[in-house]
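Student: All I have is the shape, not the residue letters:
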């Protein structure tokens, strides 16, 4: 997403055709070289301390295994709440039925890292295509900036839902940029509240010690109430007259999360 957006906005210029009131788009090789050099430097710089170490090769192998954990399976030990968690849940049900009913032998196929990468790329395509269109230099700067944050949020959601061996903490890649546009519209505010509630709820089991129970519970509830009240005040003065309200589905979902939390603790 970043590559496509920067490529379109930084490396393509509008040039006026001689003798005509017509502009054509031209590829700027100098800007492309600048962008490539800067990108490579950002990628290489974090690896310099590891390259300078005595066991640099072992360090790089360890980094590779961490960045591409293909040997660890499709899901993390503590499953992130994404598509693949549902996929494996259905697979476990089918395997259970197959053991109980020998004449029914049904199970879902394994998902390879390559297949997962293809599915993830397809999921990212809408954001990539829109980034190419909206990155045009003919667009207003404000529109480009606001769209780009929306595209980052979408990419964060897509990566979390479709990525291979996704950690539960990966939802923060969508929640953090979503915070920046939560006041953009009523829909953005509700998306932020729902995503923050469910996303942070999925992180609570990471604080598993008994002496952390009250602290994590207080911070979770306080952050949720504070965010909701501030956004509610923001849209109570909106021109469209729409007030931020929780639907019955939101309240029911919150009650279910509360019951699950008490049961899990």
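Tutor: That came through, no problem. Here the structure is a predicted model, which means the values were calculated and not measured.

Student: where does the stretch 151-265 of the chain have low pLDDT?
Tutor: 237-242 (pLDDT under 70).

Student: can you pull out the helices in it?
Tutor: 172-180, 186-201, 213-236, 248-264 (DSSP state H, counting those that start in this stretch).

Student: what does the stretch 1-150 of the chain give?
Tutor: Along the stretch 1-150 of the chain, counting by DSSP H, counting those that start in this stretch, helices occupy 2-11, 29-44, 48-51, 56-67, 83-100, 113-134, 141-162.

Student: Can you tell me the closest non-neighbouring residue to the residue minimising distance to the centre of the chain?
Tutor: Centroid check for the chain by CA atoms, centre = their mean gives residue 156 as the closest residue, at 1.5 Å. What sits nearest to residue 156 in space, not counting adjacent residues and going by CB to CB, 6 or more residues apart in numbering, is residue 174, at 3.3 Å. Any C-beta I mention is one placed from the backbone N, CA and C, and that applies to glycine too.

Student: Deepest in the core, which of the helices of the stretch 1-150 of the chain is it.
Tutor: helix 141-162 (a mean of 18; mean count of other CB atoms under 10 Å).

Student: That one to helix 186-201, inter-axis angle?
Tutor: 40 degrees (axes from the mean of the first three to the mean of the last three CA atoms, to 10 degrees).

Student: how far is helix 141-162 from where the chain is centred?
Tutor: Here the centre of helix 141-162 is set off from its chain's centre by 9 Å, with CA atoms, centre = their mean, to the nearest Å.

Student: do the same with stretch 163-179
Tutor: 4 Å.

Student: Let's see the distance spanning it from one end to the other.
Tutor: 22 Å (CA to CA, to the nearest Å).

Student: Report the contact partners of the residue nearest to residue 156.
Tutor: 153, 156, 157, 160, 195, 199 (CB atoms under 8 Å, 6 or more residues apart in numbering).
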